[in-house]
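Q: coords please:
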Amino acid sequence: MEFVFKPFILIYHLVDKVFQIPKKVLTYAHSGVLAVLDKFSIEKEKKEEEVPDILEEVPSEIKGLRPKKKSLEKDPTLLPFRYTIRLSNGKKANGTFEGHSLNEVRDFLTNEGYEVLKVEPRKKYDIDLTTGGKFKAKDLSFSLTQLSTYIKAGIALVDAVRILEKQTSNPAQRKIYQKLVYELLKGESLSTAMGKQGSKFPKLLINMVQTAELTGDLTSVLDDMADFYTSQEQTRKQMVSAMTYPVVVLVISFAVLVFIMIQVVPAFVEMYAEQDAELPGLTIAVMAVSDFISHNAIVLLLILILILTTYILLFRHVKPFRKFMQNLYMHIPVMSKIIIYNEVYNFTKTFASLLNHGVFITDSIEVLGNLTENEIYKGIINKTLVNLSKGAAISESFKGEWAFPVDAYEMIVTGENTGQLGLMMEKVADHYQIQHKAIITQLKSLMEPMMIMVLAVIVGIILLSVIYPMFGIYSKIT
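A: Reported below is the predicted structural model:
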């Protein structure tokens, strides 16, 4: 009997070993990932220990004047709930909210004027689809103007935010307004309530509102910030407008060229093969490219997607790569001026707003460092913080910097010498906003003829390579 079952036993052990291979591979992979993560966390802790706190170098006289910031961490005792309410227009709406108890959430929604249909604790698998709602420049320019108008009309702050909550049709933004009202009712300030929403509100706005609360001039700051975000949105629209036409033309042209290479050129290849025509080198090269694209279209598409995905991930998460690419873009003709003018405008406009509303210079520079996404300017701003801690002037950090225009530097020096730095920053911002608009208009006027010329050359080469062998065929016929 043992002899009979021995082959089956061997097969069983063989199959078992084969199925154990993926398990072992996954086990080793899991261990390797954990080891890498542990190493990364250890190195990160070491780096955090080694990197000195720049603000620790700030003189104690300056530190003592800086306002203490409240903790913006979320309350750990808040519990997640899901609710169903009826809006003022009679429609039902679902959403999530965090509170200390179910009754507290129900009472809060009732006090907000909603008809509460259901409130229940969120399940572990319950996914919140309203986690977005980050306010963009176009949202802020309108909302801040409204909020300022309501406060000027004598409406209490919490009631003004309630009106914004009722007006919005975006569920994610409605949830943010609800959280603001919730925090305000608990006695928190508007800046603290905004800060507790994570990245929903820009750090610049939170700092400006905090300063306005200290000076008691909230409506003026809200109006100024509304103008700031309106200007920012206009600049963004100009950039989008300048790039929309070239991108659309480029995509359509690329699709047409691929169609010609895949469908049209192979038809001529078959015809020339039947006629046994003599092909010149240009035609052979174009046909080789057409054959390569036809047989590897899917692979090429996947490679293109992989390259784009890799580039985006590296640009977002790898600082040296991002800095290298930004440095490269800032040395390309025309594009360099667009980037530099835009960065200088944003820097000087924001700096002017902070200074004119009484924000401390060290706090202003710290805010500016958190706002920009350009690593070149982040380096300059960090150098400014260090120089300020040593008692040097702000202009020293911008002296000789290739990414900061000379005339902007001279204006900063003039502002420091005259004690009108905020005013000079506004002048620089206005100047470079005009320069930015002009260079974008120039780009739009240059892109069309340049693209037409490039496409005409490419299409001309393809047509010439396809038509030229026909003359040899006709000469044989005649």
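
Q: all helices of the stretch 51-200 of the chain, in order?
A: Along the stretch 51-200 of the chain, the stretches classed as helices by DSSP state H, counting those that start in this stretch are 60-65, 102-111, 137-152, 157-167, 171-185, 190-195.

Q: Can you check what angle separates the second one from helix 171-185?
A: In other words, helix 102-111. 100 degrees (axes from the mean of the first three to the mean of the last three Cα atoms, to 10 degrees).

Q: distance between helix 102-111 and the chain's centre?
A: On the basis of Cα atoms, centre = their mean, to the nearest Å, helix 102-111 is displaced by 36 Å from the centre of the chain it belongs to.

Q: Pull the residues that contact it.
A: F81, Y83, I85, F97, G99, V116, V119, E120, P121, Q178, Y182, L185 (Cβ atoms under 8 Å, 6 or more residues apart in numbering). Every residue, glycine included, has its C-beta placed from N, CA and C.

Q: ditto for the fourth one
A: Residues external to helix 157-167 that are found in contact with it (Cβ under 8 Å, 6+ apart): 88, 112-113, 143, 146-147, 150-151, 155, 174, 177-178, 180-181, 184-185, 190.

Q: hmm, back to that, now a ChimeraX select for only the buried ones of the contacts of helix 102-111.
A: With 16 or more other Cβ atoms under 10 Å as the burial test, the buried ones among these are selected in ChimeraX as follows:
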select :81,83,85,97,99,116,119,178,182
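
Q: Any of the contacts of helix 157-167 buried? List them.
A: If you count burial by 16+ other Cβ under 10 Å, the buried members of the contacts of helix 157-167 come out as E112, S143, L147, Y150, I151, R174, Y177, Q178, L180, V181, L184, L190.

Q: Next, the contact list for the first one, please.
A: Looking back up the chat, that one is E112. R162, E165, Q178, V181.

Q: on that earlier part again, from the helices of the stretch 51-200 of the chain, which stretch is densest packed?
A: Across the helices of the stretch 51-200 of the chain, the average number of neighbours (mean count of other Cβ atoms under 10 Å) peaks for helix 190-195, which reaches a mean of 23.

Q: What angle do helix 137-152 and the helix or strand just after it make with each other?
A: Where DSSP states H and E defines the elements, the next helix or strand beyond helix 190-195 is helix 203-215. An angle of 10 degrees separates the directions of helix 203-215 and helix 137-152 when computed by the same axes, to 10 degrees.

Q: helices or strands up against helix 203-215?
A: In terms of contacts (3 or more Cβ pairs under 8 Å, 6 or more residues apart in numbering; DSSP states H and E), helix 203-215 is packed against helix 190-195, helix 218-259, helix 335-356, helix 361-371.

Q: How about the contacts made by M239?
A: For M239, the contact set (Cβ under 8 Å, 6+ apart) comprises I338, N342, I440.

Q: go with 10 Å
A: With Cβ atoms under 10 Å, 6 or more residues apart in numbering as the criterion, the residues that contact M239 are I338, N342, H436, I440, L443.

Q: and the second one, how far is that from P320?
A: If I follow you right, that is N342. To P320, N342 is 23 Å away according to Cβ to Cβ, to the nearest Å.

Q: Look at the two and report which has more neighbours.
A: Set side by side, N342 and P320 give different neighbour counts by other Cβ atoms under 10 Å, the larger being at N342 (21 against 9).

Q: Nearest spatial neighbour of the more buried one, chain-adjacent residues omitted?
A: Taking Cβ to Cβ, 6 or more residues apart in numbering, and ignoring the residues beside it in sequence, N342 has H436 as its nearest neighbour in space, at 5.6 Å.

Q: hang on, the earlier thing: which of the contacts of M239 has the most neighbours?
A: By neighbour count, taken as other Cβ under 10 Å, the most surrounded of the contacts of M239 turns out to be H436 (23 neighbours).

Q: Are we agreed that that one is in a strand?
A: No. According to DSSP: H, G, I helix; E, B strand; the rest coil, H436 belongs to no strand; its state is helix.

Q: does it really touch T235, like I thought?
A: Yes. H436 is within contact range of T235, at 6.7 Å (criterion: Cβ atoms under 10 Å).

Q: Overlap of the contact sets of these two?
A: What both H436 and T235 touch, as defined by Cβ under 10 Å, 6+ apart, is the set Y341, N342, Y345, N346.

Q: So, low pLDDT: which residues of the stretch 251-400 of the chain?
A: Counting by pLDDT under 70, the stretch 251-400 of the chain contains no low-confidence residues.

Q: mind checking how far L204 is from K349?
A: Applying Cβ to Cβ, the value for L204 to K349 is 10 Å.

Q: So what's the gap between stretch 246-260 and the chain middle?
A: In terms of Cα atoms, centre = their mean, the centre of stretch 246-260 is set 27 Å apart from its chain centre.

Q: who's in contact with that stretch?
A: Applying Cβ under 10 Å, 6+ apart, the external contacts of stretch 246-260 come out as 240, 286, 290, 293-294, 297, 300-301, 443-444, 446-448, 450-452, 454-455, 458-459, 462-463, 466.

Q: Which of the residues you listed fall within helices?
A: Those of the contacts of stretch 246-260 mapping onto helices are 240, 286, 290, 293-294, 297, 300-301, 443-444, 446-448, 450-452, 454-455, 458-459, 462-463, 466, per DSSP state H.

Q: Could you turn the buried ones of those residues into a PyMOL selection?
A: Command for PyMOL that selects the buried part of these, burial taken from 16+ other Cβ under 10 Å:
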select buried, resi 286+290+443+444+447+455+462+466
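
Q: follow-up on the earlier one: reformat the contacts of E112 as TSV; add distance to K399.
A: Formatted as TSV, the contacts of E112 follow (distance: Cβ to Cβ, whole Å):
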residue	distance to K399
R162	50
E165	49
Q178	49
V181	48
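
Q: Contact partners for V344?
A: V344 sits next to 377, 403-405, 407-408, 428-429, 431-433, 435-436 when contact means Cβ under 10 Å, 6+ apart.

Q: repeat that with 7 Å
A: If a contact means Cβ atoms under 7 Å, 6 or more residues apart in numbering, then V344 has F404, P405, A408, Y432 as its contacts.

Q: Tell me where the model's unsure across the stretch 51-200 of the chain.
A: Those would be 51-76, 126, 128-133, if you go by pLDDT under 70 across the stretch 51-200 of the chain.

Q: One more pass at 50, please.
A: Screening the stretch 51-200 of the chain residue by residue with the criterion pLDDT under 50, one finds the ranges 51-71.

Q: returning to what we had before: CSV please, covering the contacts of V344 and showing pLDDT and distance to K196.
A: Conversion of these to CSV gives the following (pLDDT from 0 to 100; distance: Cβ to Cβ, whole Å):
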residue, pLDDT, distance to K196
F404, 91, 35
P405, 91, 39
A408, 91, 36
Y432, 91, 35
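
Q: What about the residues you listed, which are in strands?
A: Where the contacts of V344 are compared with strands, as defined by DSSP state E, there is no overlap at all.
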